[in-house]
Structures are given as C-alpha cells and as structure tokens.
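S.K.: below: sequence and its predicted model.
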Amino acid sequence: MRILYVPEIINDLEDARNWYESCSNGLGEDFIHRTYSLFEELLLFPERHEKVYGCFRRALINRFPYSIYYHFSEDTIVIYGVFHSSRDPVQIIKRLGDRTI
C-alpha cells in the first residue's frame, strides 16, 4: 500500500505546526510527529476509521483537535486534508471536494 497527499496538505500542516509552536516551544513538532505517526497507522489499518462524508474517512489525531481526512482503494491511501475539528462541516466538505491529486 502507498500513501499520496494532495498539495494543500503542506499548507494545512505548516499552519497548524506554526500555530502550536507559537504557543509552546516543541508543541508544533509534537503535532507533526503525531500526524505522521497516524499517517503510518493508516497504511496498516486504513479501514479502522469511519466514513464521514461520502467516501472520505476521518482519523482523529491524538492529543490535538485535528482530523485527517482520507480515502483509500485497495493499494493507495490519499490524504485530502488535515483540519481543525471545530471547523464547519460544510466548509470541510467544500475544501475536500476542491482538492485533487
């Protein structure tokens, strides 16, 4: 199984990392570490997380109020977004629909 990321993921991760790092030294790096650990977990157990919007699944990031939105087929996982959990679901659906590989 392989994992692909839409280009917007870079901005999602940088924005969250920078915000957490401005709150406390090292917290932004902890966010990135936990996010990438969850990406690795998705490779092993892609079906573990529930479908929330059509074919998109949501995986909650441990310790942080963020979620990873992804879709998978038999040999590929595509990460479409990393969004704060308090974001308006209508906006999440719109942003997910706007993103492509």
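M.R.: Arrived safely, thanks for sending.
S.K.: for the lengthiest helix in the chain, buried residues please.
M.R.: Taking DSSP state H as the criterion, the chain has its longest helix at helix 27-44. Neighbour-count burial for helix 27-44 flags 28, 31, 35, 38-39, 42 (criterion: 16 or more other C-beta atoms under 10 Å). (Glycine included, C-beta is placed from N, CA and C.)
S.K.: strand partners (parallel or antiparallel) of the longest strand that the chain contains?
M.R.: If you go by DSSP state E, the chain has its longest strand at strand 76-84. In the sheet, strand 76-84 lines up against strand 2-5 (parallel), strand 66-72 (antiparallel) (DSSP bridges).
S.K.: identify whichever of the ones you listed lies nearest to residue 92.
M.R.: Among the strands paired with strand 76-84, strand 66-72 comes nearest to residue 92, with 7.1 Å by C-beta to C-beta.
S.K.: for residue 82, which non-adjacent residue is closest in space?
M.R.: Excluding its sequence neighbours, the residue lying closest to residue 82 (C-beta to C-beta, 6 or more residues apart in numbering) is residue 12, at 4.2 Å.
S.K.: so what pLDDT did residue 71 get?
M.R.: What the model reports as pLDDT for residue 71 is 96.
S.K.: buried sites along the longest strand of the chain?
M.R.: Going by neighbour count (16+ other C-beta under 10 Å), the buried part of strand 76-84 is 77-83.
S.K.: and for stretch 53-62?
M.R.: Across stretch 53-62, burial judged by 16+ other C-beta under 10 Å covers 56-59, 61.
S.K.: again, but for stretch 11-18
M.R.: Residues 12-13, 16-17 are the ones in stretch 11-18 that count as buried (16+ other C-beta under 10 Å).
S.K.: so which of these comes closest to residue 97?
M.R.: Set against residue 97, the nearest of those by C-beta to C-beta is residue 12 (15.4 Å).
S.K.: packing partners for whichever strand or helix holds that closest one?
M.R.: Element membership for residue 12 (DSSP states H and E) is helix 9-23. Using 3 or more C-beta pairs under 8 Å, 6 or more residues apart in numbering; DSSP states H and E, the elements in contact with helix 9-23 are helix 27-44, strand 76-84.
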